[in-house]
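# model this:
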Amino acid sequence: MTVAFSRVEDALTIDPTIAWRMQFDQLNIGLEIEDGADQTVLIGPERIELKEGVSADSHVVLTAKASAWDEFAKDEPAVGYQTIASLIEEQHMRVRAGDIMDYARNAMMLEKLFATLRQPKTLDAAPHAEIEIEDITGRYIRMNLEGRPHRIYFEEAGQGTPLLCLHTAGADGRQYRALLNDPEITKDFRVIVFDLPWHGKSSPPPGFHLEHYRLTTDKYVDTVMAFKNALNLDQPVVMGCSIGGRAVLHLGLRHGSAFKAAIGLQSAMHAESRSQTQMGLLDKHVLYRPDVHGGEVSAASVMGIMSPNSPAKDEWETLWHYMQGGPGIFAGDLYYYFVDGDLRNGLVDGYDTDECPLYLLTGEYDLSASPEMTAELATAVGATHFEVMKGLGHFPMSENPEQFRKYLLPVLEKIKAQ
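This is a model prediction of the structure:
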């Protein structure tokens, strides 16, 4: 056993937000180490203590092999070992608790706590050399969707072929901030990013307070097409990530002739969560319940599908977008991702890549739409292009924009040459 768990006792000096988070609670975490020495971490207001053995009053017990903790503690861990959530998802760790919500509601704190077993990332955020106004225009468009008035926010930059970008579940168009500011892209492409209704700066429709938000395939596809038509976009390229990566498939199937090409980031025919099943959380509605901070739990839930190689400033800005989501919106989007938008029904066989060329890019650290799942999709549709992005996770355009553009630029060149 090489992991020095004693380092967690210094976590409060490394990350003072843990002390703030735990001032209202106390949590005992038992560490059941297979082939190693069991421990218990006692976490409370302004204190973190380590005791030998698994305490009988542990609220949560994490069981894993010593080798799994060793891999987790590396500065660049292997895929599936990057977070506590990914250890659970890939079944390298088991969780038991008297009340599993003791784990769920404290998931973000626990991720930050055990992250101190690694060397902290350098925060590379030098002051701006001078004041600069970005060449991005943000506007609202008033339009009707499903017979109801909506006010949709969108941003754009550049000129040339429209590149319509779809954000991920529970987030908004800020994820594409780097693309909007990339002159090598905007010199040939008019990058357009809009916030889905209920997301970001887009308002929910009047009467939203009386309904439960849930995204469906029809609603998603119709919204994208309505926005495209409202802006009179002729043969745009559509690029989406996560649920957006699923949506480009449905758009290609239903309206392929309306698009010059589709780019699927983290695309797969379906999604599933083994960890939710293992922990018995499927019926707990963790993302939307009054006794849980929905934004914090949403951010913690996506940490497990991000790359440990992401720069700290971009990683945490990506997570900040999730912390700001409206109540129940992330959960409502996941209905489309996990249920209604599932394409294991044979429909994907009808995708015509001659009509709408399909380019697929997937980050190697993504456990939600893994490279293997995207490869299966690529084979099923005869994708125009498929590539695994090394060192990237589920949010390539926002968690590591510099690395992502190395994969995107060649794809855009191919599309220009079509």
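
# all strands of the chain, in order?
With strands called from DSSP state E, the chain shows them at 27-34, 39-44, 47-52, 60-65, 93-97, 137-145, 148-157, 161-166, 189-194, 237-241, 261-265, 358-363, 385-389.

# Out of these, flag the one nearest residue 348.
Nearest to residue 348, of all the strands of the chain, is strand 358-363, at 10.4 Å by CB to CB. In this view, the C-beta of every residue, glycine as well, is placed from N, C-alpha and C.

# tell me which strands and helices the least confident helix or strand in the chain by mean pLDDT is in contact with?
Scoring the helices and strands of the chain by mean pLDDT, DSSP states H and E places helix 274-279 at the bottom, with a mean of 81. In terms of contacts (3 or more CB pairs under 8 Å, 6 or more residues apart in numbering; DSSP states H and E), helix 274-279 is packed against helix 84-89, strand 93-97.

# Looking at these, which one is packed in the most?
helix 84-89 (a mean of 23; mean count of other CB atoms under 10 Å).

# Off-centre distance for it?
Computed by CA atoms, centre = their mean, to the nearest Å, the chain-centroid distance of helix 84-89 equals 15 Å.

# Give me the contacts around that helix.
Residues from elsewhere that reach helix 84-89 (CB atoms under 8 Å, 6 or more residues apart in numbering): 62, 64, 68, 72, 80-81, 93-95, 107, 110-111, 114, 273-275, 278-279, 300-301, 303-305, 367.

# where do the helices sit along the stretch 251-400 of the chain?
Shown for the stretch 251-400 of the chain, the helices assigned by DSSP state H, counting those that start in this stretch span residues 274-279, 294-303, 312-323, 329-335, 371-381, 396-399.

# Run a quick neighbour tally on residue 296.
Neighbour count of residue 296, defined by other CB atoms under 10 Å: 18.

# ditto for the one 5 residues further on
One way to gauge burial is a neighbour count; for residue 301, by other CB under 10 Å, it gives 22.

# With residue 126 instead?
5.

# Now do it against residue 394, distance only.
Here residue 126 is placed at a distance of 27 Å from residue 394 (CB to CB, to the nearest Å).

# again, but for residue 98
The value you get for residue 98 to residue 394, if CB to CB is used, is 32 Å.

# more crowded one of these two?
residue 394 (27 against 11).

# count of residues packed around the nearest residue to residue 100 once chain neighbours are set aside?
Once flanking residues are discounted, residue 100 sits nearest to residue 279: 5.3 Å by CB to CB, 6 or more residues apart in numbering. Burial measure for residue 279: 20 neighbouring residues, criterion other CB under 10 Å.
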